[in-house]
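Trainee: Sequence below, structure please.
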Amino acid sequence: MSFLYLDLPFQTSALEPFISDRTMTVHHGKHYQKYVRTLNELTANSKMSDETLEEIIIKGDLVGKAIAQNAGQVWNHEFFWKCLLPEGPKPSKLPLEFLDEQFGSAQEFEDDFTKAALTLFGSGWVWVVRDTNGALKIEALENAGNPLTHGQVPLLVCDVWEHAYYLDYQSERGKYISQFWSVLNWKFFEENIRASESLQNRANQRMRYENQMGL
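Mentor: Presented below is the predicted three-dimensional model:
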């Protein structure tokens, strides 16, 4: 089995004027495609070719640094595509309530997220995750960093590698981040919050049961 090069869930021109057709064509058709191709080359004729991206990512450097990094980049990009939506809907009540509860307000969340993106040195990804204690948290991870390796649940991500924005904004990462909110898929974010809340509730129930049974 090989890892698939997936189509975008929208046309490459769909995010204009915020993210150009040229940028998405290069980002998806060059960079992401190369990560998929390289991962398939590195895992060819091995047991890892039958594993999921998640299984490889969680094993980390135990499978070899190059394999772990390329698997991370493939997974991260595929998740990132889902975080984008042309003329995305406005946020509903649920994510706004979570942002108010966890960060003080939606504006404070946006400010904290932007700060994390701007202060991440070099290339990487800025995530919103549900941490192991159930709280929402912003994580800026370098290179192919992925929250799955920390036991966290990814809810949202922004790609801050230069290839995600350089053709449109040159070195102005801040301008790119300011436009990210214009194409954010709030529905996907909300679905992930709901799903992660369900997972957290089940984990809490299991923990209470084990404590009661003395396990």
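
Trainee: Now do the SS call for residue 69.
Mentor: Following DSSP: H, G, I helix; E, B strand; the rest coil, residue 69 is assigned to helix.

Trainee: how's this protein carved up into domains?
Mentor: The record, using automatic domain parsing to delimit domains, assigns the chain the ranges 21-82, 93-213.

Trainee: Lowest mean pLDDT across the ones you listed, which one is that?
Mentor: The stretch with the lowest mean pLDDT among those is domain 93-213, at a mean of 87.

Trainee: Report the distance from that domain to the chain centre.
Mentor: 7 Å (CA atoms, centre = their mean, to the nearest Å).

Trainee: Kindly report the same for stretch 23-41.
Mentor: On CA atoms, centre = their mean, the centre of stretch 23-41 falls 16 Å from that of its chain.

Trainee: For that stretch, output the C-alpha coordinates as PDB.
Mentor: Taking C-alpha atoms only, stretch 23-41 is exported to PDB below (Å, rounded to 0.1, in the frame of the first residue of the first chain):
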ATOM      1  CA  THR A  23       0.500  29.900  -4.100                       C
ATOM      2  CA  MET A  24      -1.900  27.100  -3.700                       C
ATOM      3  CA  THR A  25      -0.800  25.500  -7.000                       C
ATOM      4  CA  VAL A  26       2.900  25.500  -5.800                       C
ATOM      5  CA  HIS A  27       2.000  24.600  -2.200                       C
ATOM      6  CA  HIS A  28      -0.300  21.600  -3.100                       C
ATOM      7  CA  GLY A  29       1.300  20.600  -6.400                       C
ATOM      8  CA  LYS A  30       4.900  20.900  -5.500                       C
ATOM      9  CA  HIS A  31       5.600  20.900  -1.700                       C
ATOM     10  CA  TYR A  32       2.800  18.600  -0.500                       C
ATOM     11  CA  GLN A  33       3.200  16.300  -3.400                       C
ATOM     12  CA  LYS A  34       7.000  16.000  -2.700                       C
ATOM     13  CA  TYR A  35       6.300  15.000   0.900                       C
ATOM     14  CA  VAL A  36       3.900  12.200  -0.300                       C
ATOM     15  CA  ARG A  37       6.400  11.000  -2.900                       C
ATOM     16  CA  THR A  38       9.300  11.000  -0.600                       C
ATOM     17  CA  LEU A  39       7.400   9.200   2.100                       C
ATOM     18  CA  ASN A  40       6.400   6.500  -0.300                       C
ATOM     19  CA  GLU A  41      10.000   6.100  -1.500                       C
END
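
Trainee: In JSON lines: the domains of the chain, plus distance to residue 4.
Mentor: For the C-beta atoms, the positions are set from N, CA and C on the backbone; glycine is no exception. Shown next, in JSON lines, are those (distance: least, CB to CB, whole Å):
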{"stretch": "domain 21-82", "distance to residue 4": "7"}
{"stretch": "domain 93-213", "distance to residue 4": "18"}
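
Trainee: Please name the nearest non-neighbouring residue to the most centrally placed residue in the chain.
Mentor: Nearest to the geometric centre of the chain sits residue 157, at 3.5 Å (CA atoms, centre = their mean). In this structure, residue 157 finds its nearest non-sequential neighbour in residue 127, 4.9 Å apart by CB to CB, 6 or more residues apart in numbering.

Trainee: contact partners of stretch 39-48?
Mentor: Residues outside stretch 39-48 that contact it (CB atoms under 8 Å, 6 or more residues apart in numbering): 2, 3, 49, 56, 63, 64, 66, 67, 70, 71, 74.
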